[in-house]
Structure formats: C-alpha cells, structure tokens
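Undergrad: I need the structure of the sequence given here:
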Amino acid sequence: MKKNFKLILLFISILFVTSIVSCGDEEDPDSAVSYSLTVTVDPAVGGSVFQTSETFISGTTATLTATANTNYTFSTWTGSLNSTSNPLELIMNEDKSLVAVFDLTDSDQDGITDDLDECPDTSEGTTVDEKGCEEEVAEVVATVWTGDVINFSKSDGADPALATNQDRINNQVWITRDNGEGGQIYNRVLENASDKETSPQGTAWSEGDLDDYASLTYVPFRTATGKPKDAVGKTYVVHLTEDNIYLSVKLTSWSGGKAGGFSYERSTE
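TA: This is a model prediction of the structure:
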C-alpha cells in the first residue's frame, strides 16, 4: 500500500513539472515582435501627418493621414514606399520610414503659386506678371503706307555705298544692290553686302496687294521673288519689321549679267 502511494505521488509530481514546462514554452503576448514607423514632412511648413502610434505589433495596420497647410496640397508619400493615397494604410512587417511631400498650390494655373499670387482668379491662358496679375500688353499697331507712289532706280555699275544709289525708305532701311558677285538688293544700314538667303535684312516680302497686307505670308526677298528678273512687273507688299510698316513695291527693271542696276515703284507714307 505504501509502495503504491509513493508511485501515485511520483506520477503527480511528473505531471506538475510537465505542466510548468509546457506553460513556459507558450508565447508570452507581451514579448511579440514590434516595428517602428517614422514619418517626416517635406517641406516642414507644407502640412502635417496624423498617425495613431509610432510603434506597431508585427502584422498590424498603420493608418497615416496627411493634412496640407494653407497654400499647399498633398502630393505623395516617399521613402519605404511610394504612394499618392491619402489616407494611407500599410502593414507593419518591418521598420518603416516615410516622407509626406507637399507642393505649393497654383489654383488658377497661371504659373504663380498661391503664396505669391495677388490675383488668384485670372483666366486660363492669361499672361500674368510676377504677382500673378494680368499683364498689360501694348497693342502693336501696324502702319500702312498708302501715300503717293515714287520711283527709285540704281544704274548699272553705280556705287552702292553712295546715298544717291540707295532708296532710304526710313532710318532703318536703305535699299541698294551690289554689282558683280551677289547682285542682290540688300539693306545698307544693316549689311555691307547682300546675302541670297536673308537680304535685305529688316524686311519681309509677299506678292500681293497692300489692301491684303494683314492676311499675307511674308518671307525673304529671294524666296518671294524667285529669280528677280522674272519678278519684273509684279507687285509685292514689303514689311519693314523694325517699325512695323507695310508698303507696296512694284519691280520695274532688273539688270542681268551682274550689272547691279534695278528699279521699282513704291508707296510712301
């Protein structure tokens, strides 16, 4: 009987020890893995971020809400992940660091941000100054010369450097023609010799009537006339680009053989 009692006590002791060891092997809820969440704002004056905690148990969800300050809008999250969601939910399975990026607002899309814009309601496409207010653009008014017609001519071989061989239309444009090589008209004020592609500088030409000046397309002299000798008898509208003046020119002669002579009729102021 004694022996059986001792065996029972031994069995109970083994069960007790086993129970203690088993309980010690169970996971302690207070020892669960946790991760940190760090959030910053760029720029610091752009806004703020609300978060419920800075430390989260592994597998839990963190929710971040970005709130913009005046003149700013929330743009994006960068760092451990990139997202434009706001609020933002993320699973905490590691330490994470995020940056909430805010941009200055340009409500009327005029290129001037709201913090500097003194005229926040300008219409789309409006030209504005550095304060965001509509910029006054001076209207450029064209001058059309419809006065008396005069004749100008340069004789073959005449010196283009002499004033008598130049049509001094105004202070910006003196038309003459080279002798020999080149042989094209040019603007003595801006050029010392002719250039087939661009002369006369300060002018643009279009075949047509002066009444239609506003609807014509203007190009350099040689582009408009082709071979000048073939343009004799044709009327062109000439745009003096510096002063925004339009006048009528009709070629009346063009000497071949690089002689340098030519003549035309043109309207005056």
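Undergrad: flag the helix or strand of the protein with the lowest per-element mean pLDDT.
TA: helix 2-25 (a mean of 54; mean pLDDT, DSSP states H and E).
Undergrad: which is the succeeding secondary structure element to that helix?
TA: Following helix 2-25 in sequence order, the next helix or strand is strand 34-42 (DSSP states H and E).
Undergrad: only C-alpha atoms, please: export the next helix or strand after that next one in PDB.
TA: Scanning forward in sequence from strand 34-42 by DSSP H and E, the next helix or strand is strand 47-51. The C-alpha coordinates for strand 47-51 follow below in PDB (Å, rounded to 0.1, in the frame of the first residue of the first chain):
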ATOM      1  CA  GLY A  47       1.500  70.300 -43.700                       C
ATOM      2  CA  SER A  48       1.200  67.700 -41.000                       C
ATOM      3  CA  VAL A  49       0.600  63.900 -40.700                       C
ATOM      4  CA  PHE A  50      -1.700  62.200 -38.100                       C
ATOM      5  CA  GLN A  51      -0.600  58.700 -37.000                       C
END
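Undergrad: in the sheet, which strands lie alongside strand 47-51, parallel or antiparallel?
TA: Sheet pairing of strand 47-51 (DSSP bridges) gives strand 61-68 (antiparallel).
Undergrad: what sits against the spatially most central residue of the chain?
TA: Nearest to the mean C-alpha position of the chain, by CA atoms, centre = their mean, lies Gly111 at 10.1 Å. Contact analysis of Gly111 by CB atoms under 8 Å, 6 or more residues apart in numbering lists Val128. (Glycine included, C-beta is placed from N, CA and C.)
Undergrad: helix, strand or coil for it?
TA: When classified by DSSP: H, G, I helix; E, B strand; the rest coil, Gly111 comes out as coil.
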